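[1] fold the following, please.
(chains A and B)
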Amino acid sequence: MDRDPLIRRKTSISYKTEEKTVMRGYNLSDLAEEGYSFYDAMFVLFQNRIPAEEEEKMLKYEMGVFLEHSMSPSAVGAIGVSAGRPNLPVCVAAAISTFGGVHGPGAAHGYMLNKYLERAEKEGKTIDEMAKTLVDEYMDAKKPVMGMGQPQHIDSDPRAEPIHLKQEELGLEGVYLEFQRAVEKYFHARRKADGRSYVGVNVVGSGNTALMEIGFSPNAGWCIGSVVRGFSCAAHALFNMKKGRAWGASRNEPMVQMIDLSMIKYIGPEDRIVPKQDERQEYAKKQKEEGEYKKWVI
Amino acid sequence: MGYLDKEKTDKLNQEKRDRGIGNLGSPKNPFDYYAREYGTVPRDTKRAPFQWVSEVAYKNVHRIVTRGYDTTELMEEGYGVIDVLFIDYQARIPTIEEEKMLNYVMIMALEDGLSSPAAISRIVARSKTFLTQACGASIMAFGHAYGAYSAFGNRLEDYLKKAESENLTLQQAAERLVNDNLYDEALGVSSLMLKDAAAKRMIARAKKLGIAGKYIEFTEAVVEAAKSASSEPVDIDMLGATGAVMLDLGFSPEATWAILAVTRSFAAGAHYIEEVEREGTTRLGQPLTPKEDYDGPADRPVPPLSERPALDRSAICKTPAEWKKRFESMKSVRGSGFAIVEEIEDPSKKSGIKKVGKLSD
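    Numbers count the residues shown, from 1 in each chain, chains lettered A, B, ... in the order given. Modelled structure (predicted):
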């Protein structure tokens, strides 16, 4: 059996021989036998270290609370893909791939915190002062402050503040929590002064703060958050594959299905005649000159 | 929007009928193309409106609930990811031993060096993508050979059912499974772990924790049958050990597949990061394919278009014999797909709820 590597790389993450698989120097089998947790393994993987017990507990809490979120873009993505009945991993891949600039943008939040912490250090400002700067700069530019607001949990994400509280309970307060708390304070004050409604911290704002505090980079934190959601999205896809209706358009189900024809609302150009090929050139030129098409360009 | 009104519809259809559109007016069509409606289908008021139906979880403004448990409350009570996996997939809280066992399995499943998921993640990373894109892509590596937990588990279940329905002993069922599948990638027994004790240690841990049940017992019978049938040394591999333990933990083959593929995706994220940190990006058109790796037709001049009638080779076959001859000859054209025969099955096995969404609900 060919056991040559698929690609050749220098890597400091792991190696694998006929005898063992070793991650950051630790034999994986020994790590499991010794009684370390999967959360400990995350620290070894991304940070090359065994964490303190409190750090391990924090990660356990954060990952657990983020795993399931019912119908979010990630679950809907998995369910949508499952309608065609591909292999299950495809549904999960789609779900994880939904995490971008808006849905669970953990890396973006992390980079934002790091950027302003660096400015605080360079400009000799306190964390509190820099948090106000961040809020003012973002809100003056009408940019959303990462980590604030959730379209479904409109008066406060049920996971968010409890994560902050757990971080405090575990004695894991550092620059990130101080900075995030200050961002929230100035964000709320600014919205109140502007006569706008209350918008609470979301699970990225609190969860990613905790992840950064316990030493994960923005991308590592994003990986942990996004991938752990894959577990529940797979369950949603599996439920639909085992008990739901394939294709999602059957008229034999008592409930109108996800992509029943009646679910389509069309707001594009009206029905029109397809030009014959001998009419085409003149038609196309006229269409270009008139320019009405431009309003439909996406 | 709904359907276009009748007057406009008739006018548009008449204009099209007068102009004629290709073959669309042919009497061979089982319809009158020029008498069709325009616009979208009106809302169906005779059936319940669409809703996302789930047995797994719901959320409202204030809480997220999986299988009846508020997820924030679960964390506050000290549960974690491992427990929520049991809740999501099995609607139950695991015993402490089960939690320990799944924790063990997930550590073992986390990393596997530069195998397919890591390689795919790194290749995607080179295109300067989001990390999530690479993590998602890594999961695509799990199929019916690499990480074949679905195939492995479903086969075990099939043969256990046969043992029951045909009154076979476990050993007889195992021998039959091996006879039918000795060289299959999803057997769970191979030469891969002859020098690595990790698979056997996992089984030993399952026994120590009191997790081992009928699937581990059957897998061990399969291992013995395979050892007898194989001409080379073989033993239980990670697929066999992990798959059997997960089934004894109560996870379905598909749930096992998903959980372990996602578990590996965390490490794929680390590989994405390292690739970006150490290796850089790849541009469109950058990688070359050396000619010495090419074994297709020799370089040849492209004939002028005017010579096409003399050169073209039609694929039209008039008889089954002609079809068979062409089919066989095409097998030598690598990349044409004629050498592959596979069944694209519906993995869900059944479809439809029927009882959900009646207007009276």
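[2] assign a three-state SS to residue B:192, would you?
    Recorded secondary structure, residue B:192: coil (DSSP: H, G, I helix; E, B strand; the rest coil).
[3] just the pLDDT at the residue nearest to it when sequence neighbours are not counted, thanks.
    Of all residues not flanking residue B:192 in the chain, residue B:237 sits nearest, at 4.5 Å (Cβ to Cβ, 6 or more residues apart in numbering or on different chains). C-beta: built from backbone N, CA, C; applies to glycine. On the pLDDT scale, residue B:237 is placed at 98.
[4] number of nearby residues for residue B:237?
    Number of residues near residue B:237 (other Cβ atoms under 10 Å in any protein chain shown) recorded here: 21.
[5] and the one 10 residues further on, by the same measure?
    Using other Cβ under 10 Å, residue B:247 has 25 neighbouring residues.
[6] correct me if wrong: it contacts residue B:154.
    No: in this structure residue B:247 lies outside contact range of residue B:154 using Cβ atoms under 8 Å: 10.1 Å.
[7] ok, residue B:323 to residue B:330 distance?
    11 Å (Cβ to Cβ, to the nearest Å).
[8] need the pLDDT of residue 258.
    Unless you meant another one, I'm taking chain A. 92.
[9] nope, chain B please
    For residue B:258, pLDDT reads 96.
[10] list the contacts of the closest residue to it other than its chain neighbours.
    In this structure, residue B:258 finds its nearest non-sequential neighbour in residue A:234, 3.3 Å apart by Cβ to Cβ, 6+ apart. Contact analysis of residue A:234 by Cβ atoms under 8 Å, 6 or more residues apart in numbering or on different chains lists A:78, A:88, A:91-92, A:95, B:255, B:258-259, B:262.
[11] hang on, the residue nearest to residue B:192 packs against residue B:186?
    No: using Cβ under 8 Å, residue B:237 is not in contact with residue B:186; the gap is 10.5 Å.
[12] tally of neighbours for residue B:23?
    Using other Cβ under 10 Å, residue B:23 has 9 other residues around it.
[13] just say helix, strand or coil for it.
    On the basis of three-state DSSP, residue B:23 is classed as coil.
[14] and it, its phi and psi?
    phi -90, psi 10 (degrees, to the nearest 10).
[15] per-residue confidence at it?
    For residue B:23, pLDDT reads 90.
[16] gap between it and residue B:319?
    27 Å.
[17] now residue B:25
    To residue B:319, residue B:25 is 33 Å away according to Cβ to Cβ.
[18] so these two - more neighbours on which side?
    residue B:25 (14 against 8).
[19] contacting residues for that one?
    Residue B:25 neighbours (Cβ under 8 Å, 6+ apart): B:17, B:33-34.
[20] what about 10 Å?
    B:16-17, B:19, B:32-34 (Cβ atoms under 10 Å, 6 or more residues apart in numbering or on different chains).
[21] close to chain A, is stretch B:94-107?
    Yes: applying Cβ under 10 Å from any Cβ of the partner chain, one finds stretch B:94-107 touching chain A at B:99-107.
[22] all strands of the stretch 101-250 of chain B, in order?
    For the stretch 101-250 of chain B, the strands defined by DSSP state E, counting those that start in this stretch occupy B:189-190, B:235-236.
[23] of all the ones you listed, which one is nearest chain A?
    Closest of the strands of the stretch 101-250 of chain B to chain A is strand B:189-190, at 7.5 Å (criterion: Cβ to the nearest Cβ).
[24] and that closest one, how far out from the chain's middle?
    Offset of strand B:189-190 from its chain centre (Cα atoms, centre = their mean, to the nearest Å): 22 Å.
[25] now for that strand, which elements pack on it?
    Contacts defined by 3 or more Cβ pairs under 10 Å, 6 or more residues apart in numbering or on different chains; DSSP states H and E place strand B:189-190 against helix B:214-229, strand B:235-236, helix B:238-248.
[26] pull stretch B:149-159 out as CSV, backbone CA atoms only.
    C-alpha atoms of stretch B:149-159 as CSV (Å, rounded to 0.1, in the frame of the first residue of the first chain):
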residue,chain,number,x,y,z
TYR,B,149,-17.2,5.6,8.8
SER,B,150,-20.6,5.5,7.0
ALA,B,151,-19.6,2.6,4.8
PHE,B,152,-18.0,0.8,7.7
GLY,B,153,-20.8,1.2,10.1
ASN,B,154,-23.6,0.5,7.7
ARG,B,155,-21.9,-2.7,6.6
LEU,B,156,-21.5,-3.8,10.2
GLU,B,157,-25.2,-3.2,10.8
ASP,B,158,-26.1,-5.1,7.6
TYR,B,159,-24.2,-8.2,8.5
